[in-house]
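Engineer: Here is the input, now give the coordinates:
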Amino acid sequence: MASLNRVQIIGNVGTEPEMRFSPNGDAVVNFSVATNEKFGENEHTEWFRVVAWKKLAETCNQYLSKGRQVYVEGRLQTRKWEDNDGNTRYNTDLIANRVLFLGKREDNPQDDKAEEIDPDAIPF
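Structural biologist: Predicted coordinates for the structure are as follows:
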């Protein structure tokens, strides 16, 4: 039986991207994205933890900043871990395979074009 794990969000970057390198040298970047929904006078914000790898990570680290609007497409992945007190914890991350930078870059306010990373050009 077929299955599908696909997520698409548009929101604002909530934290500055944080880039690290895996033990084998692959770049990995983490950042959060907030999406908002309005129901009459009520508003709900949902936060997503986003992880991007390799060239996509490097590009996200270079172009994204807190507050910038972004489209992210990928899959959900849940990690299980134990905290310092021995309690089992879970984190669900959006593993990005496509990112579209929306709006203007802070360092170039004249730029109103969206920038996209071609997922077919990035090996996974």
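
Engineer: Check the gap between the residue nearest the centre of the chain and residue 1 for me.
Structural biologist: Geometric centre of the chain, nearest residue: residue 50, 3.1 Å, by CA atoms, centre = their mean. Residue 50 sits 29 Å away from residue 1, going by CB to CB, to the nearest Å. In short, each C-beta sits where N, CA and C put it, glycine included.

Engineer: what's the answer for residue 35, then?
Structural biologist: Residue 35 is 30 Å from residue 1, by CB to CB.

Engineer: now do residue 55
Structural biologist: Shown here: residue 55 relative to residue 1, a distance of 34 Å by CB to CB.

Engineer: Comparing those two, which residue is more hemmed in?
Structural biologist: residue 55 (15 against 2; other CB atoms under 10 Å).

Engineer: what distance separates the helix or strand that contains residue 55 from the centre of its chain?
Structural biologist: Per DSSP states H and E, residue 55 falls inside helix 54-63. Its chain's C-alpha centre and that of helix 54-63 lie 11 Å apart, by CA atoms, centre = their mean, to the nearest Å.

Engineer: how about it: buried residues?
Structural biologist: 54, 56, 57, 58, 59, 60, 61, 63 (16 or more other CB atoms under 10 Å).
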